[in-house]
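Colleague: sequence and predicted structure are below.
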Amino acid sequence: MSVTVSRKAHFNAAHRLYRPDWDDAANEEVFGKCANPYYHGHNYDLIVHVTGTIDPTTGYVVDMKVLKDLIKSEIEDAFDHKNLNEQVPEFKNLIPTAENIVVVIWDKLRPHIDSDKKLAVTLYETPRNYVHYEG
Ligand code: NI
């Protein structure tokens, strides 16, 4: 029997979607407003899902406090109020689309979650646009 435990979190960040090897017109053609050279921000909402069996000793799949602190140290502290392109090393050579951000988040969290548990991450870039990654 497995149960999924989920924790919501939030960060604000700026980004710009562009390829440096393309000119401004080509970037605007593909990325539209998100290619704005002056950057723009999003209020990202994040849901981290951990699935596993219930520990009979604690009754937990995962300690929510531990999960909360992990999301804070690995994701919020690294991304919140940052310019993703300029200040987050993972995006130095990676376009910070929602798709790439959710994979980076998953990769940062995975080593800290017990290997017998499944990790999934849902990332909302806007209330209507979201991505989901399970590894
Ligand atoms: Ni954007």
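Modeller: Everything's here; your move.

Colleague: which secondary structure elements does the host helix or strand of residue 131 sit against?
Modeller: In the assignment (DSSP states H and E), residue 131 maps to strand 130-133. For strand 130-133, the packing partners by 3 or more Cβ pairs under 8 Å, 6 or more residues apart in numbering; DSSP states H and E come out as helix 98-109, strand 118-124. No exception for glycine: its C-beta is placed from N, CA and C like everyone else's.

Colleague: now for the last one, which elements pack on it?
Modeller: It stands for strand 118-124. Using 3+ Cβ pairs under 8 Å, 6+ apart as the contact test, the elements touching strand 118-124 are strand 40-53, helix 98-109, strand 130-133.

Colleague: change it to 10 Å
Modeller: Secondary-structure packing of strand 118-124 (3 or more Cβ pairs under 10 Å, 6 or more residues apart in numbering; DSSP states H and E): strand 2-15, strand 40-53, helix 98-109, strand 130-133.

Colleague: contact partners for the closest residue in space to residue 95 that isn't next to it in sequence?
Modeller: Nearest residue to residue 95 in three dimensions, chain neighbours excluded: residue 17, at 5.7 Å (Cβ to Cβ, 6 or more residues apart in numbering). Contacts for residue 17 (Cβ atoms under 10 Å, 6 or more residues apart in numbering) come out as 27, 30-36, 40, 85, 95-98, 100.
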